[in-house]
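S.K.: Just a sequence and a predicted model for now, questions to come.
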Amino acid sequence: MVHMARVRRKVREGELLYGVNSIVEALKAKRRKLISIYVAENAVKPFDRVRNHLPKHVKNVQRVPRNIIDRMTGSKEHMGVAAWFSPFQFKKNMFDPAKHPQILFLEGIQDVRNLGAILRSAHCTGITGVVLSQSNAAPLNAAAIKSSAGLCEHLDVHIAPTSASAIHNIRAAGYHLYMAMLGNHANAAEVDFCPPACLVIGNEAQGIDKNLSSSGTKITLPQINPDVSYNASVAAGILMFLMTSKSRQNTK
């Protein structure tokens, strides 16, 4: 039987992930230590997917009623599996263009599901470095990790204290900034994205902060109706595909 007081103590030790993909990708990435794992009594097939990736030394698998995992995670979208891992290891310093020629800066994304979806696309398009702002932004928490299908576990992530400091340090590192914006700006499909390149995606409602928008090349995705716009995660996915594809062409 799981004692909730014991579970709460683990909060100080690590981070609780939930959902099969989140846990499997954390195990595949091998960047975190698995502390313990909890499986709902009827979650046979979901746990079979996890079991294939468990280290051989792991013995602490606890079978519990599904409502216990509901309470632990604060969600019913856990697929019957939750696990404590050591904390996500954020990169302390700004990225080196030689190692990360294309990076992403998310300036004020506030919805954890948008954050997760964007990080999922970042991994799929080949971006390995992501900068997040600590202020006025969604945290990279278990919900965001689940929304990324766990793929953010393979990314290097740096958290800057503010958006202004992030922009300053990205430019100082030598990156060319490309600011995703609405309006009459350069067509992203026609931009060269000179490496090293950093794509900047702004807040879902207001976009990139006006005080920062002149820090790089302003780009836009053409659309039929100027009064509407793409969802932030959809626009980010398209722009990341364009940037990584063209950046690779420019390095040939």
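M.R.: Perfect, I can see it now. Numbering: from 1, shown residues only.

S.K.: Quick check: residue 63 is in a strand.
M.R.: Yes: the assignment for residue 63 (DSSP: H, G, I helix; E, B strand; the rest coil) places it in a strand.

S.K.: quick one: residue 136 from residue 239, how far?
M.R.: Going from residue 136 to residue 239 by C-beta to C-beta, to the nearest Å gives 21 Å. Every residue, glycine included, has its C-beta placed from N, CA and C.

S.K.: between these two, which one's more packed in?
M.R.: More crowded of residue 136 and residue 239, by other C-beta atoms under 10 Å: residue 239, with 26 against 13.

S.K.: so which strand or helix has the more buried one?
M.R.: Assigning secondary structure by DSSP states H and E places residue 239 in helix 232-250.

S.K.: Helices of this structure, start to end?
M.R.: 4-10, 20-29, 44-51, 66-73, 112-125, 142-147, 163-172, 232-250 (DSSP state H).

S.K.: what does the longest one contact?
M.R.: Going back to what we said before, that points to helix 232-250. Identification of contacts with helix 232-250 by C-beta atoms under 8 Å, 6 or more residues apart in numbering yields 101-102, 104, 106, 109, 111, 113-114, 117-118, 121-122, 125-127, 178, 180, 188-189, 191-195, 197, 199, 201-204, 219, 221, 229-230.

S.K.: that older thread, and among the helices of the chain, the most buried is which?
M.R.: Counting by mean count of other C-beta atoms under 10 Å, helix 142-147 has the highest mean neighbour count of the helices of the chain, with a mean of 24.

S.K.: Let me know the average pLDDT across it.
M.R.: When pLDDT is averaged along helix 142-147, the result is 97.

S.K.: For the remainder of this discussion, apply numbering that starts at 58.
M.R.: Sure thing, new numbering starts at 58, so read that last one as helix 199-204.

S.K.: In the stretch 108-257 of the chain, where is pLDDT below threshold?
M.R.: For the stretch 108-257 of the chain, no stretch has pLDDT under 70.

S.K.: Going along the chain, name the strands of it.
M.R.: Applying DSSP state E, counting those that start in this stretch to the stretch 108-257 of the chain gives strands spanning 118-121, 138-142, 159-164, 186-190, 213-217, 233-237, 243-244, 254-259.

S.K.: For residue 270, which of these is the nearest?
M.R.: strand 233-237 (5.7 Å; C-beta to C-beta).

S.K.: Quick one: work out the angle between the closest one and helix 220-229.
M.R.: Going by axes from the mean of the first three to the mean of the last three C-alpha atoms, to 10 degrees, strand 233-237 is angled at 140 degrees with respect to helix 220-229.

S.K.: buried residues in strand 233-237?
M.R.: Across strand 233-237, burial judged by 16 or more other C-beta atoms under 10 Å covers 233, 234, 235, 236, 237.

S.K.: between that strand and strand 254-259, how many degrees?
M.R.: Using the same axes, to 10 degrees: strand 233-237 against strand 254-259 is 30 degrees.

S.K.: Outside of strand 233-237 itself, list whatever touches it.
M.R.: For strand 233-237, contacts defined as C-beta under 8 Å, 6+ apart pick out 162, 224, 227-228, 245, 248, 250-259, 264-265, 269-270, 272-278, 292-293, 296, 300.
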